[in-house]
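Engineer: Pasting the sequence and the predicted model now:
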Amino acid sequence: MRSVTSPVATDPARSRGRLHAEPASSTRDAFQRDRDRIVHASAFRRLRDKTQVFVRPDGDHFRVRLTHSLEVAQIARTVARALGLNEDLTEACALAHDLGHPPFGHSGEDALGRAMAPFGGFDHNAQTVRIVTALELRYPGFDGLNLSWETLEGLAKHNGPVAQPPWALAEADAAFALDLGTWPGAEAQVAAAADDIAYDNHDLDDGLRARLFAVDEVADAVPFVADALAAVRARWPQVREPRRLIPELIREQIGRMVADLLDESRQRLAGIGSVAAVRAASGASIGFSPGMAAAAGVLKAFLRQRMYAHPEVARLRDPAVAVVAGLFAVLADAPDRLPPRWRAALPAAEPARARHVGDFIAGMTDRFALRTFEALIGPSPLPRDGLP
């Protein structure tokens, strides 16, 4: 069921346009075209082989960046529909939000950040904007995907206003001013909240599937999970099989978080009458209640301690860092070893040269990074075995 359009919904007919003017489509509005361009982008396809939490997971059912992005988009679109926001803009922001992640998840980002520190550093949110404004080469008339201003704004301000933009975001802002000091539209804020919902619940699901901890251990430590689990067991007292119980628990938790997000956001939006007012607000217009935010914080703390720092996860962290750091060191020192297309576009001076190498490494999938390391340096430091 589609709700009545909210006064804070972004109207594609009133978009601020694109950096490069294009004829209008007869079949799709501006934000529908943005969503479709993202789905067809090479960077989007590469997300299927980029780590979410587990480095090189052997199991077929663990999340990767692509499946995470699809799950975020599903939650975000549901919330946008319930709030009467623009679903296509919301979906575009959700689908593209992780495009800038390098291989090997946060381990890879930490390694690339350290390697590029003398050249301005690395930030995956800024890299997302760099990909869609400069690095995708799919159109004869411009670099990037030439997305609409509103979609770029949503990606740039993924976590709210940006007071000190990283170099990649500063370059994009200089070319097409994105009002970095204000909040993004409500659709981008929904995508960010959906990212939190998906990340927490699906990481918990993966941790349980990998047997890093048991469901009762989580319930003992996290009251929010305990309440949801009690409701599931009361509704399905005959179900004891984990493969049926745990998915129902995850659904219950997502449902509760979405319901809270909708209730709290409706209250915040009640006094806001326009898209401009959302941007000018002193805080987020979309968000969780204080109680739910605190409950989610306890769950995040549990996952940090029992999942992200688990020995089975941590044992692959240093080898993953070694792969990314080794690739940067070799290619920055000998950029003639870059592939022909990247070698031909190599800038003449620093920091642009090192950033060019960083762009190449950031775009790698986990598997391609390993193959390249083995071709340029030697045997991979990552063990061949993965998590159960």
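Structural biologist: Perfect, I can see it now.
Engineer: from here on, contacts and neighbour counts on C-alpha atoms
Structural biologist: Fine.
Engineer: Can you list the buried residues in stretch 208-218?
Structural biologist: Neighbour-count burial for stretch 208-218, with 16 or more other CA atoms under 10 Å as criterion, is recorded at Leu208, Arg209, Ala210, Leu212, Val215, Val218.
Engineer: Can you tell me the SS state at the residue most central in space within the chain?
Structural biologist: Nearest to the mean C-alpha position of the chain, counting by CA atoms, centre = their mean, stands Asp98 at 3.0 Å. At Asp98 the chain is in coil, as set by DSSP: H, G, I helix; E, B strand; the rest coil.
Engineer: Thought Arg65 was touching it, still the case?
Structural biologist: Yes. The pair formed by Asp98 and Arg65 meets the contact definition of CA atoms under 8 Å, at 7.0 Å.
Engineer: and stretch 280-288, how far from the chain's centre?
Structural biologist: 20 Å (CA atoms, centre = their mean, to the nearest Å).
Engineer: Please spell out which residues along that stretch are buried.
Structural biologist: Using 16+ other CA under 10 Å as the burial criterion, the residues of stretch 280-288 that qualify are Ala284, Ser285, Ile286, Gly287, Phe288.
Engineer: And Ala348, how close does it get to Pro237?
Structural biologist: Noted for Ala348: a distance of 68 Å to Pro237, by CA to CA, to the nearest Å.
Engineer: what do you get for Arg18?
Structural biologist: In terms of CA to CA, Arg18 sits 55 Å off from Pro237.
Engineer: Mind checking which of those two has more residues around it?
Structural biologist: Neighbours were counted for Arg18 and for Pro237 using other CA atoms under 10 Å; Arg18 has more, 17 against 10.
Engineer: Does the more buried one touch Asn146 like I think?
Structural biologist: Yes. With contact defined as CA under 8 Å, Arg18 and Asn146 form a contacting pair (6.1 Å).
Engineer: which regions of the chain lie under the pLDDT threshold?
Structural biologist: Low-confidence segments of the chain, defined by pLDDT under 70: 1-4, 53-61, 384-388.
Engineer: biggest helix in it by residues?
Structural biologist: Secondary structure of the chain per DSSP state H: the longest helix is helix 242-269.
Engineer: Surely Ser107 touches Arg317?
Structural biologist: Yes. If you go by CA under 8 Å, Ser107 and Arg317 touch, sitting 5.9 Å apart.
Engineer: For stretch 309-325, list every residue counted as buried.
Structural biologist: Of the residues in stretch 309-325, those with enough neighbours to count as buried (16+ other CA under 10 Å) are Glu312, Val313, Leu316, Arg317, Pro319, Ala320, Val321, Ala322, Val323, Val324, Ala325.
Engineer: Next secondary structure element downstream of the strand or helix carrying the first one?
Structural biologist: Glu312 belongs to helix 311-314 when assigned by DSSP states H and E. Moving toward the C-terminus from helix 311-314, the first helix or strand encountered (DSSP H and E) is helix 317-333.
Engineer: Mind giving me the packing neighbours of that following helix?
Structural biologist: Here helix 317-333 touches helix 105-115, helix 352-362, helix 366-376, going by 3 or more CA pairs under 8 Å, 6 or more residues apart in numbering; DSSP states H and E.
Engineer: Can I get the following helix or strand past it as CSV, trimmed to CA atoms?
Structural biologist: Next in sequence after helix 317-333, counting helices and strands by DSSP H and E, comes helix 340-344. What follows is helix 340-344, C-alpha atoms only, in CSV (Å, rounded to 0.1, in the frame of the first residue of the first chain):
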residue,chain,number,x,y,z
PRO,A,340,47.4,-0.6,-19.3
ARG,A,341,44.2,1.5,-18.9
TRP,A,342,45.3,2.7,-15.4
ARG,A,343,48.9,3.2,-16.5
ALA,A,344,47.7,5.4,-19.4
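Engineer: Check which residues of helix 340-344 are buried.
Structural biologist: Taking 16+ other CA under 10 Å as the basis for neighbour counts, the residues of helix 340-344 that come out buried are Trp342.
Engineer: Please report the distance of the nearest residue to Ala111 once chain neighbours are set aside from Ala192.
Structural biologist: Using CA to CA, 6 or more residues apart in numbering and skipping the chain neighbours, the partner closest in space to Ala111 is Val321 (5.3 Å). Taking CA to CA as the criterion, Val321 is separated from Ala192 by 27 Å.
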